[in-house]
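K.L.:
With the sequence up front, the predicted model follows.
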Amino acid sequence: MPGVPAAYSEWVNATKRRLRGAELLANPILNRGTAFTDAERSALGLHGLLPPQVETLEEQAQRAWEAYQRKSDDLERHIYLRALQDANEVLFYRVLLDHIAETMPVVYTPVVAEACREFSHIYRRPRGLILSYPRRAELRTMLRNRPYRKVDVIVATDGERVLGIGDQGVGGLGIPIGKLALYTLIGGIHPARTLPIVLDVGTNNQERLRDPEYLGWRHERLDGAAYDEFLEEFVAAVEEEMPGVLLQWEDFATRHARTLLDRYRERLLSFNDDIQGTAAVALAAALSAVGATGGRFRDQQWVFFGAGSAALGVADYFRTAMQQEGLSQSEARAAFWLVDSNGLVHQGRDDLNPEKRAYAQPLARLVNWRRGPGGALGLSDVIHNIRATGLIGLSTVAGAFDEGIVRELARKVDRPLILPLSNPTECCEAHPDDLRRWSDGRALVASGSPFPGVAQCNNVYIFPAVGLGVVASRAHRVTDAMMMTAARELARHSPARQDPKAPLLPPLEDLREVAREVAVAVAGKRLRARVAAAQWTPAYGL
Ligand code: NAI
């Protein structure tokens, strides 16, 4: 079967020989529902369990889409699609692929945030693994209980920083489920080879703890040495059970995200999507924007609003890209103006961690600055005092890019780049329509959450492609160089390269094709055939 690794189809055939009747219909990977042929129904004990009409996948997809359209709100649509996924994965992915722009925001951001918040209320069937701290002695056993043996990609979270909505405890599982759906939809990683995991280490979300229906460990969130030990035991168990698997760290709180990445990136095939994936897609958008204006990347001045783990990851990639154009590290650093909840990051501050301190501006550069009340140096002061060419929002502060700030920015540069990246939609720093209006249509915009007609600067442009490239090439490490290669390749596919008025990133409909090209760039051109073969397409016929 083209597109399916041989070992996998053997496994499917073996499983299929064992599973029959109602059990077969209950397996979402093997179930074809009304698409089982008469001959298959006879051989597999399915007559009577299914209505007599035999349908094509297209006919099934049509019915599913009709049912989807009958749902009256986004959470209901999410529940419907998740139920479809748990019933018949081929059909689920077919529907997603046929309606990618409509369904992606429902399966993933922003609607998945609501699904995480409501996890314990909308829970239906098990998916993935919930590794609960009280059972820590059985980590290996729980990993062994995974539904499918051969796993290529794990996405793991501890649910502490779900998108922009904070600690959701066990409800965070919705995020790895959604992310892995995109690994399959776009990257083409076979669904049976993906494994979502939540590390259930308690929650400090009082609303969840008070909720009688909360399904996770009802305990305050684990921290300190006990947390580190649990994570170490988890990683050790993964190494033993699934050596060589790609492990994506997802939605960990800032204080853990960087630490875990640094601790494990040389030990496992692993990366942190919030840090590296965000950085790569933002870099792709910025490279596209600078390319569209005909400027040089090294000449830009960047203002970052928010200096958390996502922002620092983005700044690091931007800086590296500037250095690749010939700037020294310190020359490149001078082009970054980071603003956090205590104002501009400068050398006079004593509350900076080492990552932020690396971007602290010398006080000497601020001597003649106009300051806000009480000497404050907030976003509007920074925008007023420098000639910024790009403004990047990773702050979770809704509406932070207001009219005054945008007009001042656009007064000084012809085509400013503005990236309001915070998720979900209610946390977005500005509505893209406002940004365009306030800049007289000159701003180049990509947003974190979906808005009609605007490029969505979403990690989905990067992680499924990097995953595909890494899996196809059997790489041993995920490096920053790979992520930057992915960003540059993605930028090569930017519609704005052809037409400066076009979106900065390719349309969602092109994502699978673009992902394949990005994966080839990551894996190395000589592996093109292997990348193509690894990209699964939802169709029956295994
Ligand atoms: P974080 O909590 O590590 O960082 C937030 C930063 O914003 C901190 O530096 C904080 O000081 C700053 N901040 C908060 N309130 C502020 C205020 N009133 N004024 C100035 N600064 C303020 O969070 P993280 O992980 O960096 O994520 C930030 C946002 O980025 C979230 O909304 C997240 O959903 C979004 N994000 C978007 C991605 C995308 O692809 N579009 C990917 C990853 C994150």
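P.N.:
Thanks, I have the structure now.

K.L.:
Residues touching the longest helix anywhere in the chain, excluding its own?
P.N.:
Longest helix of the chain, by residue count under DSSP state H: helix 224-241. With CB atoms under 8 Å, 6 or more residues apart in numbering as the test, helix 224-241 has contacts from 131, 133, 136, 139-140, 143-144, 154, 156, 199, 201, 222, 245, 247, 256, 260, 264, 267-268. Heads up, the C-betas are built off the backbone N, CA and C, glycines and all.

K.L.:
Neighbours of the single nearest residue of the stretch 251-400 of the chain relative to the ligand, how many?
P.N.:
Residue nearest to the ligand within the stretch 251-400 of the chain (CB to the nearest ligand atom): G308, separated by 1.9 Å. G308 has 23 neighbours, counted by other CB atoms under 10 Å.

K.L.:
What about the nearest residue to it once chain neighbours are set aside, how many residues nearby?
P.N.:
Spatially, and ignoring its direct neighbours in sequence, G308 is nearest to T254 (5.0 Å; CB to CB, 6 or more residues apart in numbering). Counted with other CB under 10 Å, residues neighbouring T254 total 19.

K.L.:
residues contacting T254?
P.N.:
161, 308-309.

K.L.:
One more pass at 10 Å, please.
P.N.:
By CB atoms under 10 Å, 6 or more residues apart in numbering, T254 lies in contact with 160-161, 274-275, 307-312, 353, 355.

K.L.:
Show me what from the protein comes close to the ligand.
P.N.:
161, 163-164, 254, 274, 278, 306-311, 339-341, 394-397, 421-423, 427, 448, 457-459 (CB under 6 Å from any ligand atom).

K.L.:
ok, now with 5 Å
P.N.:
Residues of the chain found near the ligand (CB under 5 Å from any ligand atom) are 163-164, 254, 274, 278, 306-310, 340-341, 394-397, 421-423, 427, 448, 459.

K.L.:
Take the residues you listed and keep only those in helices.
P.N.:
254, 278, 309-310.

K.L.:
returning to what we had before: are any of the contacts of helix 224-241 buried, and which?
P.N.:
131, 133, 136, 139, 143, 154, 156, 199, 201, 222, 245, 247, 256, 260, 264, 268 (16 or more other CB atoms under 10 Å).

K.L.:
re the thing from before, now the residue of the stretch 251-400 of the chain closest to the ligand: phi and psi?
P.N.:
Dihedral pair for G308: phi -90, psi -160, per degrees, to the nearest 10.

K.L.:
That one: what's it in contact with?
P.N.:
With CB under 10 Å, 6+ apart, G308 has these contacts: 161, 253-255, 257-258, 274-275, 340-341, 355-356, 394-396.

K.L.:
please redo it, this time with the cut-off set to 8 Å
P.N.:
G308 touches 254, 340, 394-395, counting by CB under 8 Å, 6+ apart.

K.L.:
number of nearby residues for the closest residue to the ligand within the stretch 51-200 of the chain?
P.N.:
Closest contact between the stretch 51-200 of the chain and the ligand, by CB to the nearest ligand atom, is at G164 (3.4 Å). As a burial measure, G164 scores 22 neighbours (other CB under 10 Å).

K.L.:
which residue sits closest to it, ignoring its sequence neighbours?
P.N.:
According to CB to CB, 6+ apart, the nearest residue to G164 is C427 (3.9 Å).

K.L.:
With H346 instead?
P.N.:
Q361 (4.6 Å).

K.L.:
give me the number of residues near the spatially closest residue to P495 that is not a sequence neighbour?
P.N.:
Leaving aside its chain neighbours, P495 sits nearest to A502 (3.8 Å; criterion: CB to CB, 6+ apart). With neighbours defined by other CB under 10 Å, the count for A502 comes to 16.

K.L.:
surely A502 meets H493?
P.N.:
No - if you go by CB atoms under 8 Å, A502 and H493 don't touch, sitting 11.6 Å apart.

K.L.:
Give me the subset of the residues of the chain next to the ligand that lies in strands.
P.N.:
Mapping the residues of the chain next to the ligand onto strands (DSSP state E) picks out D340.

K.L.:
I'd like to know which elements the longest strand seen in the chain is packed against.
P.N.:
Longest strand in the chain, counting residues (DSSP E): strand 194-200. Here strand 194-200 touches strand 129-132, strand 153-157, helix 174-182, helix 224-241, going by 3 or more CB pairs under 8 Å, 6 or more residues apart in numbering; DSSP states H and E.
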